[in-house]
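Novice: Sequence and predicted structure below; questions after.
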Amino acid sequence: MRDTLQSLGLAGWILPALVCWPLIGAALVRSIGHDPAPAGRGADWLDARTITLGVLIVEAVFALLLWAVMDPSQTGWQARVDLPWLPLLGVSLSFGADGLSLVMVVLTAVVIPLALLGSWEQVTVRTPTFGALLLLVVAGFMGVYLALDLLVFYLAWELMLIPTYLLLGVWGVAGGAAGRAGLRYVLYTLVGSLLMLVAIVALASQGETPSLHLDDLRQLAIAPRLQLFLFLAFFSAFAVKSAMVPFHSWLPEAQASAPTVTAVTLGLKVGVFALLRFAMPVFPAASMHPTVQRVVLVSAIVTILYGALVALGQKDIKRIVAFSAISHAGYILLGCFVLTPQAMQGAMVSVVASGLGTTALLLLASRVEDRLGTTSLDALGGLAHRQPWFAAALVVAILSTVGLPGTVGFVGEFLVLLGTYAEEPVLAVVATGGVVFAAAYGLRLVQGVLLGPGGASTDLIELGARERTALALLTVAMIGLGIGPAGLLNRMAAPTQQLIESVRFAPPLASGSENGS
(Lines give C-alpha, C1' and ligand atoms only; values in the text may rest on other atoms or scores of the structure.)
Protein backbone atom coordinates (compact mmCIF):
# COMPACT_ATOMS: atom_id res chain seq x y z
CA MET A 1 0.00 0.00 0.00
CA ARG A 2 2.87 2.35 0.81
CA ASP A 3 4.37 1.89 -2.65
CA THR A 4 1.00 2.58 -4.26
CA LEU A 5 0.52 5.82 -2.33
CA GLN A 6 4.06 6.93 -3.05
CA SER A 7 3.55 6.28 -6.74
CA LEU A 8 0.64 8.74 -6.62
CA GLY A 9 3.01 11.48 -5.46
CA LEU A 10 1.40 11.69 -2.03
CA ALA A 11 4.67 12.59 -0.31
CA GLY A 12 4.97 15.74 -2.40
CA TRP A 13 1.81 17.44 -1.16
CA ILE A 14 0.50 15.75 2.00
CA LEU A 15 2.36 17.94 4.51
CA PRO A 16 1.38 21.31 2.96
CA ALA A 17 -2.17 19.94 2.70
CA LEU A 18 -2.24 19.13 6.42
CA VAL A 19 -1.26 22.73 7.23
CA CYS A 20 -3.22 24.59 4.55
CA TRP A 21 -6.47 22.61 4.41
CA PRO A 22 -7.69 23.82 7.85
CA LEU A 23 -6.94 27.41 6.76
CA ILE A 24 -9.02 26.91 3.61
CA GLY A 25 -11.72 25.25 5.68
CA ALA A 26 -11.75 28.19 8.13
CA ALA A 27 -12.43 30.61 5.28
CA LEU A 28 -15.11 28.27 3.92
CA VAL A 29 -16.89 27.91 7.26
CA ARG A 30 -16.81 31.63 7.94
CA SER A 31 -18.09 32.58 4.48
CA ILE A 32 -20.93 30.11 3.85
CA GLY A 33 -21.72 28.55 7.24
CA HIS A 34 -24.53 29.70 9.49
CA ASP A 35 -25.94 28.96 12.92
CA PRO A 36 -28.01 25.77 13.29
CA ALA A 37 -31.60 25.97 12.11
CA PRO A 38 -34.49 25.20 14.50
CA ALA A 39 -34.99 21.54 15.32
CA GLY A 40 -37.23 19.50 13.05
CA ARG A 41 -36.14 21.04 9.73
CA GLY A 42 -34.01 18.08 8.70
CA ALA A 43 -30.35 18.01 7.73
CA ASP A 44 -28.76 21.39 7.09
CA TRP A 45 -25.53 21.00 5.14
CA LEU A 46 -24.67 24.69 5.58
CA ASP A 47 -24.75 24.41 9.35
CA ALA A 48 -21.31 25.73 10.32
CA ARG A 49 -20.81 22.79 12.67
CA THR A 50 -21.43 20.32 9.84
CA ILE A 51 -18.95 22.08 7.56
CA THR A 52 -16.36 22.27 10.34
CA LEU A 53 -16.75 18.57 11.08
CA GLY A 54 -16.43 17.77 7.37
CA VAL A 55 -13.19 19.75 7.14
CA LEU A 56 -11.85 17.99 10.24
CA ILE A 57 -12.74 14.56 8.84
CA VAL A 58 -10.83 15.34 5.63
CA GLU A 59 -7.90 16.45 7.80
CA ALA A 60 -8.06 13.13 9.66
CA VAL A 61 -7.99 11.29 6.32
CA PHE A 62 -4.87 13.26 5.34
CA ALA A 63 -3.25 12.30 8.66
CA LEU A 64 -4.03 8.61 8.15
CA LEU A 65 -2.63 8.78 4.61
CA LEU A 66 0.58 10.23 6.06
CA TRP A 67 0.68 7.32 8.51
CA ALA A 68 0.32 4.89 5.59
CA VAL A 69 2.95 6.50 3.38
CA MET A 70 5.72 6.87 5.96
CA ASP A 71 8.35 4.15 6.31
CA PRO A 72 9.08 3.41 10.01
CA SER A 73 12.48 1.92 9.18
CA GLN A 74 13.81 5.18 7.74
CA THR A 75 15.54 7.88 9.76
CA GLY A 76 15.43 11.59 9.00
CA TRP A 77 12.65 13.63 7.46
CA GLN A 78 10.08 12.03 5.21
CA ALA A 79 7.61 13.63 2.77
CA ARG A 80 9.78 16.74 3.04
CA VAL A 81 8.77 19.89 1.18
CA ASP A 82 10.92 23.06 0.88
CA LEU A 83 9.49 26.24 -0.58
CA PRO A 84 11.32 29.61 -0.67
CA TRP A 85 9.75 32.39 1.38
CA LEU A 86 12.12 35.02 2.83
CA PRO A 87 15.54 34.18 1.38
CA LEU A 88 17.25 37.33 2.71
CA LEU A 89 16.38 36.22 6.24
CA GLY A 90 17.15 32.57 5.54
CA VAL A 91 13.52 31.58 6.12
CA SER A 92 11.76 28.94 4.04
CA LEU A 93 8.45 27.11 4.16
CA SER A 94 10.09 23.82 5.04
CA PHE A 95 8.01 20.91 6.31
CA GLY A 96 9.05 17.40 7.21
CA ALA A 97 7.76 14.49 9.27
CA ASP A 98 9.30 11.77 11.37
CA GLY A 99 7.80 9.23 13.74
CA LEU A 100 7.35 11.73 16.58
CA SER A 101 5.52 14.32 14.49
CA LEU A 102 3.49 11.57 12.81
CA VAL A 103 2.08 10.41 16.14
CA MET A 104 1.14 13.96 17.12
CA VAL A 105 -0.46 14.69 13.74
CA VAL A 106 -2.66 11.59 13.86
CA LEU A 107 -3.61 12.11 17.51
CA THR A 108 -4.66 15.71 16.95
CA ALA A 109 -6.45 14.99 13.68
CA VAL A 110 -8.49 12.22 15.35
CA VAL A 111 -9.42 13.58 18.79
CA ILE A 112 -10.55 17.06 17.72
CA PRO A 113 -13.34 15.92 15.34
CA LEU A 114 -14.39 13.33 17.92
CA ALA A 115 -14.55 16.05 20.56
CA LEU A 116 -16.66 18.23 18.25
CA LEU A 117 -18.95 15.33 17.39
CA GLY A 118 -19.40 14.38 21.04
CA SER A 119 -20.24 17.94 22.13
CA TRP A 120 -22.42 18.80 19.15
CA GLU A 121 -25.12 20.75 21.00
CA GLN A 122 -22.76 22.70 23.24
CA VAL A 123 -22.05 25.63 20.88
CA THR A 124 -25.08 26.86 18.93
CA VAL A 125 -24.43 30.61 18.59
CA ARG A 126 -21.92 32.35 16.33
CA THR A 127 -20.97 28.89 15.06
CA PRO A 128 -19.33 30.11 11.79
CA THR A 129 -16.79 32.12 13.80
CA PHE A 130 -16.38 29.32 16.32
CA GLY A 131 -15.69 26.77 13.56
CA ALA A 132 -13.27 29.08 11.76
CA LEU A 133 -11.29 29.74 14.95
CA LEU A 134 -11.18 26.03 15.78
CA LEU A 135 -9.79 25.25 12.33
CA LEU A 136 -7.16 27.96 12.76
CA VAL A 137 -6.08 26.23 15.96
CA VAL A 138 -5.81 22.92 14.07
CA ALA A 139 -3.68 24.59 11.38
CA GLY A 140 -1.44 25.93 14.14
CA PHE A 141 -1.04 22.46 15.62
CA MET A 142 -0.08 21.00 12.25
CA GLY A 143 2.39 23.79 11.60
CA VAL A 144 4.06 23.17 14.97
CA TYR A 145 4.32 19.44 14.30
CA LEU A 146 5.62 19.70 10.74
CA ALA A 147 7.61 22.95 10.45
CA LEU A 148 11.37 22.59 10.14
CA ASP A 149 12.03 26.33 10.01
CA LEU A 150 12.05 27.94 13.44
CA LEU A 151 10.28 31.13 12.35
CA VAL A 152 7.50 29.15 10.67
CA PHE A 153 7.26 27.08 13.84
CA TYR A 154 6.89 30.25 15.93
CA LEU A 155 4.15 31.63 13.68
CA ALA A 156 2.29 28.32 13.94
CA TRP A 157 2.77 28.39 17.72
CA GLU A 158 1.14 31.81 17.92
CA LEU A 159 -1.63 30.66 15.58
CA MET A 160 -2.56 28.10 18.23
CA LEU A 161 -2.61 30.57 21.09
CA ILE A 162 -4.63 33.54 19.86
CA PRO A 163 -7.71 31.71 18.50
CA THR A 164 -7.71 29.52 21.62
CA TYR A 165 -8.00 32.63 23.77
CA LEU A 166 -11.01 33.78 21.74
CA LEU A 167 -12.64 30.36 21.88
CA LEU A 168 -12.21 30.34 25.63
CA GLY A 169 -13.24 33.93 26.31
CA VAL A 170 -16.24 34.19 23.97
CA TRP A 171 -17.78 30.69 24.15
CA GLY A 172 -16.72 29.75 27.67
CA VAL A 173 -19.05 29.39 30.64
CA ALA A 174 -21.30 32.31 31.48
CA GLY A 175 -20.02 34.89 33.93
CA GLY A 176 -16.50 36.02 34.63
CA ALA A 177 -14.85 32.60 34.98
CA ALA A 178 -14.13 32.19 31.27
CA GLY A 179 -12.80 35.74 31.01
CA ARG A 180 -10.46 35.24 33.95
CA ALA A 181 -9.33 31.87 32.64
CA GLY A 182 -8.69 33.31 29.18
CA LEU A 183 -6.71 36.23 30.60
CA ARG A 184 -4.58 33.94 32.75
CA TYR A 185 -3.99 31.65 29.77
CA VAL A 186 -2.84 34.58 27.64
CA LEU A 187 -0.58 36.05 30.31
CA TYR A 188 1.16 32.75 31.00
CA THR A 189 1.62 31.73 27.38
CA LEU A 190 2.50 35.24 26.19
CA VAL A 191 5.42 35.56 28.60
CA GLY A 192 6.79 32.22 27.46
CA SER A 193 6.26 33.07 23.80
CA LEU A 194 8.07 36.40 24.14
CA LEU A 195 11.05 34.71 25.76
CA MET A 196 11.10 32.21 22.90
CA LEU A 197 10.95 35.03 20.35
CA VAL A 198 13.97 36.71 21.96
CA ALA A 199 15.82 33.40 21.79
CA ILE A 200 14.91 33.00 18.10
CA VAL A 201 16.28 36.47 17.33
CA ALA A 202 19.51 35.59 19.15
CA LEU A 203 19.77 32.30 17.24
CA ALA A 204 19.34 34.07 13.90
CA SER A 205 22.60 35.95 14.46
CA GLN A 206 24.72 32.92 15.35
CA GLY A 207 25.39 31.38 11.95
CA GLU A 208 27.70 32.63 9.21
CA THR A 209 24.74 32.73 6.84
CA PRO A 210 21.19 33.52 7.93
CA SER A 211 19.19 30.35 8.47
CA LEU A 212 16.62 29.20 10.99
CA HIS A 213 16.22 25.72 9.55
CA LEU A 214 16.42 22.99 12.16
CA ASP A 215 19.12 21.08 10.27
CA ASP A 216 21.31 24.20 10.19
CA LEU A 217 20.61 25.13 13.81
CA ARG A 218 21.83 21.73 14.95
CA GLN A 219 25.26 22.50 13.46
CA LEU A 220 25.75 25.81 15.26
CA ALA A 221 28.56 26.21 17.78
CA ILE A 222 26.85 28.33 20.43
CA ALA A 223 28.75 29.79 23.36
CA PRO A 224 27.97 27.92 26.60
CA ARG A 225 26.34 30.76 28.53
CA LEU A 226 24.27 31.79 25.54
CA GLN A 227 23.20 28.20 24.87
CA LEU A 228 22.05 27.83 28.46
CA PHE A 229 20.05 31.07 28.30
CA LEU A 230 18.46 30.17 24.97
CA PHE A 231 17.52 26.69 26.16
CA LEU A 232 15.85 28.10 29.29
CA ALA A 233 13.92 30.61 27.16
CA PHE A 234 12.57 27.84 24.93
CA PHE A 235 11.96 25.53 27.89
CA SER A 236 9.92 28.16 29.73
CA ALA A 237 7.52 28.52 26.78
CA PHE A 238 7.11 24.78 26.40
CA ALA A 239 6.80 24.15 30.16
CA VAL A 240 3.96 26.69 30.39
CA LYS A 241 2.08 25.07 27.50
CA SER A 242 2.59 21.63 29.06
CA ALA A 243 1.19 22.87 32.43
CA MET A 244 4.28 21.79 34.35
CA VAL A 245 4.39 22.81 38.02
CA PRO A 246 4.78 25.71 38.88
CA PHE A 247 3.46 26.98 35.50
CA HIS A 248 0.25 24.95 35.73
CA SER A 249 -2.32 27.16 37.42
CA TRP A 250 -3.90 28.35 34.14
CA LEU A 251 -4.99 24.85 33.05
CA PRO A 252 -7.64 23.75 35.61
CA GLU A 253 -9.69 26.94 35.34
CA ALA A 254 -9.28 27.11 31.56
CA GLN A 255 -10.42 23.51 31.00
CA ALA A 256 -13.32 23.94 33.41
CA SER A 257 -14.48 27.12 31.64
CA ALA A 258 -13.86 26.28 27.99
CA PRO A 259 -16.19 24.53 25.52
CA THR A 260 -15.34 20.84 25.40
CA VAL A 261 -13.53 20.83 22.06
CA THR A 262 -11.44 23.82 23.20
CA ALA A 263 -10.67 22.08 26.50
CA VAL A 264 -9.44 19.08 24.49
CA THR A 265 -7.02 21.25 22.49
CA LEU A 266 -5.71 22.72 25.75
CA GLY A 267 -4.93 19.22 27.00
CA LEU A 268 -2.83 18.13 24.02
CA LYS A 269 0.83 18.01 25.06
CA VAL A 270 2.13 20.14 22.20
CA GLY A 271 4.73 21.74 24.47
CA VAL A 272 6.38 18.36 25.04
CA PHE A 273 6.64 17.77 21.32
CA ALA A 274 8.16 21.23 20.79
CA LEU A 275 10.71 20.45 23.49
CA LEU A 276 11.77 17.28 21.68
CA ARG A 277 11.68 18.85 18.23
CA PHE A 278 13.60 22.09 18.81
CA ALA A 279 14.88 22.78 22.35
CA MET A 280 16.75 19.54 23.00
CA PRO A 281 18.27 18.98 19.52
CA VAL A 282 19.39 22.61 19.09
CA PHE A 283 20.74 22.97 22.66
CA PRO A 284 21.90 19.43 23.51
CA ALA A 285 24.66 20.45 25.91
CA ALA A 286 22.29 22.66 27.90
CA SER A 287 19.76 19.81 27.99
CA MET A 288 22.41 17.50 29.46
CA HIS A 289 23.86 20.04 31.91
CA PRO A 290 23.79 18.27 35.30
CA THR A 291 22.08 21.15 37.10
CA VAL A 292 19.46 21.63 34.38
CA GLN A 293 18.74 17.94 34.14
CA ARG A 294 18.47 17.51 37.91
CA VAL A 295 16.14 20.50 38.30
CA VAL A 296 13.88 19.30 35.49
CA LEU A 297 13.75 15.71 36.79
CA VAL A 298 12.90 16.85 40.32
CA SER A 299 10.28 19.23 38.90
CA ALA A 300 8.80 16.32 36.96
CA ILE A 301 8.48 14.26 40.16
CA VAL A 302 6.88 17.22 41.96
CA THR A 303 4.44 17.63 39.05
CA ILE A 304 3.50 13.93 39.18
CA LEU A 305 2.80 13.89 42.90
CA TYR A 306 1.28 17.35 43.16
CA GLY A 307 -1.15 16.80 40.29
CA ALA A 308 -2.28 13.42 41.61
CA LEU A 309 -2.67 14.60 45.21
CA VAL A 310 -4.65 17.69 44.27
CA ALA A 311 -6.85 15.62 41.93
CA LEU A 312 -7.57 13.34 44.88
CA GLY A 313 -8.97 16.29 46.83
CA GLN A 314 -11.25 17.66 44.09
CA LYS A 315 -15.03 17.27 44.01
CA ASP A 316 -15.55 18.45 40.42
CA ILE A 317 -15.09 16.11 37.46
CA LYS A 318 -13.43 18.68 35.21
CA ARG A 319 -10.94 19.73 37.87
CA ILE A 320 -10.08 16.09 38.57
CA VAL A 321 -9.42 15.62 34.85
CA ALA A 322 -7.30 18.81 34.69
CA PHE A 323 -5.09 17.87 37.65
CA SER A 324 -4.71 14.31 36.40
CA ALA A 325 -3.47 15.78 33.11
CA ILE A 326 -0.94 17.86 35.07
CA SER A 327 0.26 14.69 36.81
CA HIS A 328 0.63 12.97 33.43
CA ALA A 329 2.70 15.92 32.21
CA GLY A 330 5.18 15.07 34.97
CA TYR A 331 5.55 11.49 33.72
CA ILE A 332 6.02 12.74 30.18
CA LEU A 333 8.68 15.27 31.19
CA LEU A 334 10.44 12.63 33.30
CA GLY A 335 10.59 10.28 30.33
CA CYS A 336 11.97 12.98 28.04
CA PHE A 337 14.86 14.04 30.30
CA VAL A 338 15.97 10.63 31.51
CA LEU A 339 17.10 10.09 27.91
CA THR A 340 16.66 6.34 27.60
CA PRO A 341 14.83 4.81 24.63
CA GLN A 342 12.17 3.14 26.80
CA ALA A 343 11.47 6.29 28.79
CA MET A 344 11.26 8.60 25.79
CA GLN A 345 9.00 6.25 23.86
CA GLY A 346 6.92 5.85 27.01
CA ALA A 347 6.64 9.64 27.25
CA MET A 348 5.23 9.83 23.72
CA VAL A 349 2.83 6.95 24.37
CA SER A 350 1.72 8.82 27.50
CA VAL A 351 1.02 11.85 25.31
CA VAL A 352 -1.29 9.68 23.22
CA ALA A 353 -2.89 8.13 26.30
CA SER A 354 -3.49 11.52 27.88
CA GLY A 355 -5.03 12.86 24.68
CA LEU A 356 -7.45 9.94 24.33
CA GLY A 357 -8.37 9.64 28.00
CA THR A 358 -8.77 13.37 28.59
CA THR A 359 -10.99 13.70 25.52
CA ALA A 360 -13.28 10.89 26.69
CA LEU A 361 -13.54 12.23 30.24
CA LEU A 362 -14.22 15.78 29.08
CA LEU A 363 -16.97 14.56 26.75
CA LEU A 364 -18.62 12.71 29.61
CA ALA A 365 -18.24 15.68 31.94
CA SER A 366 -19.74 18.03 29.36
CA ARG A 367 -22.72 15.72 28.98
CA VAL A 368 -23.30 15.86 32.72
CA GLU A 369 -22.90 19.64 32.74
CA ASP A 370 -25.30 20.12 29.82
CA ARG A 371 -28.00 18.09 31.57
CA LEU A 372 -27.54 19.11 35.22
CA GLY A 373 -25.67 22.41 35.02
CA THR A 374 -22.90 21.09 37.25
CA THR A 375 -20.06 18.57 37.27
CA SER A 376 -19.87 18.27 41.07
CA LEU A 377 -19.61 14.73 42.39
CA ASP A 378 -22.10 15.63 45.11
CA ALA A 379 -24.86 16.01 42.48
CA LEU A 380 -24.18 12.62 40.88
CA GLY A 381 -24.29 8.94 41.70
CA GLY A 382 -26.08 5.74 40.85
CA LEU A 383 -25.44 5.89 37.09
CA ALA A 384 -23.95 2.40 36.82
CA HIS A 385 -27.31 0.66 36.40
CA ARG A 386 -29.23 3.60 34.91
CA GLN A 387 -26.86 4.56 32.10
CA PRO A 388 -24.71 1.56 31.05
CA TRP A 389 -23.18 3.31 28.01
CA PHE A 390 -22.11 6.25 30.13
CA ALA A 391 -20.78 3.94 32.86
CA ALA A 392 -18.78 1.76 30.48
CA ALA A 393 -17.15 4.72 28.75
CA LEU A 394 -16.27 6.35 32.09
CA VAL A 395 -14.73 3.18 33.51
CA VAL A 396 -12.51 2.56 30.47
CA ALA A 397 -11.36 6.19 30.36
CA ILE A 398 -10.52 6.18 34.08
CA LEU A 399 -8.74 2.84 33.88
CA SER A 400 -6.57 4.14 31.04
CA THR A 401 -5.93 7.36 32.95
CA VAL A 402 -4.71 5.51 36.05
CA GLY A 403 -2.64 3.09 33.96
CA LEU A 404 -4.42 -0.27 34.25
CA PRO A 405 -2.72 -3.08 32.24
CA GLY A 406 -4.50 -3.60 28.96
CA THR A 407 -4.91 0.11 28.31
CA VAL A 408 -2.63 2.54 26.51
CA GLY A 409 -2.11 4.48 29.74
CA PHE A 410 -0.35 1.49 31.29
CA VAL A 411 2.03 1.14 28.32
CA GLY A 412 3.17 4.75 28.60
CA GLU A 413 3.62 4.83 32.38
CA PHE A 414 5.33 1.42 32.50
CA LEU A 415 7.87 2.37 29.84
CA VAL A 416 8.59 5.70 31.52
CA LEU A 417 9.17 4.06 34.90
CA LEU A 418 11.19 1.23 33.34
CA GLY A 419 13.44 3.60 31.44
CA THR A 420 13.78 5.90 34.45
CA TYR A 421 14.77 3.06 36.77
CA ALA A 422 17.72 2.22 34.53
CA GLU A 423 19.20 5.71 35.07
CA GLU A 424 17.52 7.14 38.19
CA PRO A 425 16.16 4.29 40.35
CA VAL A 426 15.32 6.56 43.30
CA LEU A 427 13.26 8.89 41.13
CA ALA A 428 11.50 5.93 39.53
CA VAL A 429 10.48 4.58 42.94
CA VAL A 430 9.21 7.99 44.05
CA ALA A 431 7.31 8.44 40.78
CA THR A 432 5.38 5.23 41.40
CA GLY A 433 3.61 7.13 44.18
CA GLY A 434 1.76 8.96 41.44
CA VAL A 435 0.36 5.61 40.26
CA VAL A 436 -1.02 4.91 43.73
CA PHE A 437 -2.61 8.34 44.05
CA ALA A 438 -4.00 8.06 40.52
CA ALA A 439 -5.74 4.81 41.44
CA ALA A 440 -7.20 6.57 44.49
CA TYR A 441 -8.67 9.55 42.63
CA GLY A 442 -9.81 7.33 39.76
CA LEU A 443 -11.70 4.99 42.07
CA ARG A 444 -13.13 7.96 43.94
CA LEU A 445 -14.42 9.44 40.69
CA VAL A 446 -15.98 6.14 39.57
CA GLN A 447 -17.57 5.55 42.95
CA GLY A 448 -18.95 9.08 43.17
CA VAL A 449 -20.44 9.12 39.68
CA LEU A 450 -21.53 5.52 39.19
CA LEU A 451 -22.07 3.98 42.61
CA GLY A 452 -22.90 6.83 44.95
CA PRO A 453 -26.38 7.85 46.15
CA GLY A 454 -27.63 9.86 43.19
CA GLY A 455 -30.80 11.88 42.77
CA ALA A 456 -33.56 11.29 40.23
CA SER A 457 -32.07 14.05 38.05
CA THR A 458 -29.27 11.70 37.02
CA ASP A 459 -31.80 9.84 34.86
CA LEU A 460 -31.58 12.82 32.49
CA ILE A 461 -27.98 11.96 31.59
CA GLU A 462 -28.04 9.84 28.47
CA LEU A 463 -25.72 9.52 25.51
CA GLY A 464 -27.05 10.20 22.04
CA ALA A 465 -25.81 8.60 18.83
CA ARG A 466 -23.10 11.22 18.30
CA GLU A 467 -21.73 10.86 21.83
CA ARG A 468 -21.81 7.08 21.63
CA THR A 469 -19.93 7.09 18.34
CA ALA A 470 -17.21 9.41 19.61
CA LEU A 471 -16.78 7.58 22.91
CA ALA A 472 -16.85 4.15 21.26
CA LEU A 473 -13.99 5.12 18.95
CA LEU A 474 -11.98 6.58 21.83
CA THR A 475 -12.61 3.44 23.90
CA VAL A 476 -11.47 1.17 21.09
CA ALA A 477 -8.31 3.26 20.69
CA MET A 478 -7.47 3.17 24.42
CA ILE A 479 -7.89 -0.60 24.62
CA GLY A 480 -6.48 -1.41 21.17
CA LEU A 481 -3.26 0.54 21.72
CA GLY A 482 -2.98 -0.97 25.19
CA ILE A 483 -3.18 -4.52 23.87
CA GLY A 484 -1.16 -3.95 20.70
CA PRO A 485 1.17 -0.94 21.06
CA ALA A 486 3.84 -2.33 18.72
CA GLY A 487 2.74 -0.31 15.70
CA LEU A 488 2.87 2.90 17.69
CA LEU A 489 6.25 2.10 19.27
CA ASN A 490 7.80 1.05 15.96
CA ARG A 491 6.96 4.43 14.45
CA MET A 492 8.82 6.23 17.25
CA ALA A 493 11.83 3.92 17.66
CA ALA A 494 14.16 5.45 15.06
CA PRO A 495 13.58 9.17 15.79
CA THR A 496 13.78 8.72 19.57
CA GLN A 497 17.05 6.79 19.27
CA GLN A 498 18.45 9.44 16.93
CA LEU A 499 17.44 12.23 19.32
CA ILE A 500 18.95 10.49 22.33
CA GLU A 501 22.25 9.92 20.56
CA SER A 502 22.47 13.52 19.33
CA VAL A 503 21.88 14.86 22.86
CA ARG A 504 23.94 12.36 24.84
CA PHE A 505 27.01 12.61 22.63
CA ALA A 506 27.01 16.40 22.31
CA PRO A 507 30.12 18.18 23.65
CA PRO A 508 29.64 19.12 27.32
CA LEU A 509 28.54 22.66 28.03
CA ALA A 510 31.63 23.39 30.09
CA SER A 511 34.00 22.52 27.24
CA GLY A 512 33.62 25.91 25.63
CA SER A 513 33.44 27.97 28.80
CA GLU A 514 36.71 29.72 28.16
CA ASN A 515 35.53 31.12 24.88
CA GLY A 516 31.88 31.51 25.79
CA SER A 517 32.25 33.37 29.09
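Specialist: Nice, thanks for sending it over. Residues are numbered from 1 along each chain as shown.

Novice: and the residue nearest to Val352 when sequence neighbours are not counted, what pLDDT?
Specialist: In space, and not counting its chain neighbours, Val352 is closest to Leu107: 5.5 Å by CB to CB, 6 or more residues apart in numbering. Glycine gets a C-beta too; all of them are placed from N, C-alpha and C. Looking at Leu107, its pLDDT is 96.

Novice: quick one: contacts for Gly192?
Specialist: 236-241, 247 (CB atoms under 8 Å, 6 or more residues apart in numbering).

Novice: Of all the strand elements in this structure, which one is longest?
Specialist: If you go by DSSP state E, the chain has its longest strand at strand 78-86.

Novice: Mind listing the strands that one pairs with, and their directions?
Specialist: Here strand 78-86 is paired, per DSSP bridges, with strand 91-97 (antiparallel).

Novice: Give me the distance from the strand it pairs with to the chain's centre.
Specialist: Distance of strand 91-97 from the chain centroid (CA atoms, centre = their mean, to the nearest Å) equals 21 Å.

Novice: Following that strand in sequence, what is the next regular element?
Specialist: helix 99-118 (DSSP states H and E).

Novice: Does whatever helix or strand comes next after that following helix pack against any helices or strands, and if so which?
Specialist: Note on helix 99-118: by DSSP H and E, the next helix or strand toward the C-terminus is helix 127-146. For helix 127-146, the packing partners by 3 or more CB pairs under 8 Å, 6 or more residues apart in numbering; DSSP states H and E come out as helix 14-32, helix 48-69, strand 91-97, helix 99-118, helix 150-171, helix 260-267, helix 270-274.

Novice: Ala325 is nearest to which of these?
Specialist: Ala325 sits nearest to helix 260-267 of all these, at 5.3 Å, using CB to CB.

Novice: any idea which helix or strand of this structure has the worst average confidence?
Specialist: Here the helix or strand of the chain ranked lowest by mean pLDDT, DSSP states H and E is helix 513-516, holding a mean of 40.

Novice: Highest neighbour count among the contacts of Gly192?
Specialist: Lys241 (29 neighbours; other CB atoms under 10 Å).

Novice: between the contacts of Gly192, which is nearest Pro495?
Specialist: Closest to Pro495, out of all of the contacts of Gly192 and judged by CB to CB, is Phe238, at 17.8 Å.

Novice: Not including adjacent chain positions, what is the nearest residue to the closest one?
Specialist: Gly271 (4.0 Å).

Novice: Report the rounded mean pLDDT for the top helix by length along the chain.
Specialist: Longest helix in the chain, counting residues (DSSP state H): helix 341-372. For helix 341-372, the mean per-residue pLDDT is 92.

Novice: chain center to the next helix or strand after that helix, what's the gap?
Specialist: Using DSSP H and E, the helix or strand that follows helix 341-372 in sequence is helix 383-386. Put simply, helix 383-386 sits 32 Å off its chain's centre (CA atoms, centre = their mean).

Novice: hmm, back to that, pull out the buried positions in the longest strand of the chain.
Specialist: Neighbour counts over strand 78-86 (16 or more other CB atoms under 10 Å) mark 78-79, 81 as buried.

Novice: Turn these into JSON lines, including distance to Val264 and pLDDT.
Specialist: Below are those laid out as JSON lines (distance: CB to CB, whole Å; pLDDT from 0 to 100):
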{"residue": "Gln78", "distance to Val264": "28", "pLDDT": "91"}
{"residue": "Ala79", "distance to Val264": "26", "pLDDT": "90"}
{"residue": "Val81", "distance to Val264": "28", "pLDDT": "92"}
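
Novice: My read is that Val81 contacts Leu15, right?
Specialist: Yes. The criterion here is CB atoms under 8 Å, and Val81 meets it with Leu15 at 5.4 Å.

Novice: so what sits against both of the two?
Specialist: In contact with both Val81 and Leu15: 95-96, using CB under 8 Å, 6+ apart.

Novice: Any regions of the stretch 101-250 of the chain where pLDDT drops low?
Specialist: 174-179, 207 (pLDDT under 70).

Novice: give me that answer again for 50
Specialist: Within the stretch 101-250 of the chain, no stretch has pLDDT under 50.

Novice: what's the offset of whatever helix or strand Ala422 lives in from the middle of its chain?
Specialist: Assigned by DSSP H and E, Ala422 belongs to helix 408-423. Here the centre of helix 408-423 is set off from its chain's centre by 19 Å, with CA atoms, centre = their mean.

Novice: Next, the angle from the helix or strand that that helix is followed by to helix 408-423.
Specialist: Downstream of helix 408-423, the first helix or strand assigned by DSSP H and E is helix 425-446. Orientation of helix 425-446 against helix 408-423 (axes from the mean of the first three to the mean of the last three CA atoms, to 10 degrees) gives an angle of 160 degrees.

Novice: Cheers, nothing more for now.
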